[in-house]
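**Q** Got a sequence here, can you model it:
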Amino acid sequence: MMISPDYCLVMARYNAWQNRQMKHAFEALDEAQLGKDRKAFFGSILGTANHLLWGDMIWMSRFAGTARPEGGITESPTLTASRGEWEIARFRTDAEILLWAERLRAVDLAGELSWYSGAVGRNVSKPMALCVTHMFNHQTHHRGQVHAMLTAAGVAAPVSDLAFMPEEGPWL
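**A** Coordinates of the predicted model:
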């Protein structure tokens, strides 16, 4: 699998742009609406946004040595208790992802990444490039779920087309 540092930087910018738009969409809902069980895999809009944040944090802890999030996948929907807490943690994590991507070199994407996976209950080793690609794919997947829940709640969901991402920041 061939990905490049440039690809990672574009995807890090896309991630931050999408999350900034998601933050603005969340402002149309009160805390009860954000936390309402919508029968999604991670329950609510906030639960799904928290899981996505948790996933980014766990991958960045593996890629860049940043702090691991508390708990495992089953606890991920409760990572933050409110929109305000989520916004702060999301902003910090997006900044970490952008900084990591800006410093990335091709050699950093080579070789294997090994870690203990709580999801499968064992040590895992996979190509680094595959793991990085998975992180960005995971973001897109769960933002799609949030997009659907926002639409169902009557909120204008953000533009998500990568081709329409602004070429200039601010990314955060």
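
**Q** When you work out contacts or count neighbours from here on, use the C-alpha atoms and nothing else.
**A** Noted.

**Q** Could you give me the buried positions within the strand or helix carrying residue 6?
**A** Taking DSSP states H and E as the criterion, residue 6 maps to helix 5-26. By 16 or more other CA atoms under 10 Å, the buried positions in helix 5-26 come out as 5, 8-20, 22-23, 25-26.

**Q** what sits up against it?
**A** 34, 83, 87, 90, 94-95, 97-98, 101-102, 104-106, 109, 132, 136, 139, 150, 155-158, 160, 162, 165, 171-172 (CA atoms under 8 Å, 6 or more residues apart in numbering).

**Q** Could you check how far it is from the centre of its chain?
**A** On the basis of CA atoms, centre = their mean, to the nearest Å, helix 5-26 sits 9 Å off its chain's mean C-alpha point.

**Q** helices and strands around the helix or strand following it, which ones?
**A** Next in sequence after helix 5-26, counting helices and strands by DSSP H and E, comes helix 31-35. Helices and strands touching helix 31-35, by 3 or more CA pairs under 8 Å, 6 or more residues apart in numbering; DSSP states H and E, are helix 45-64.
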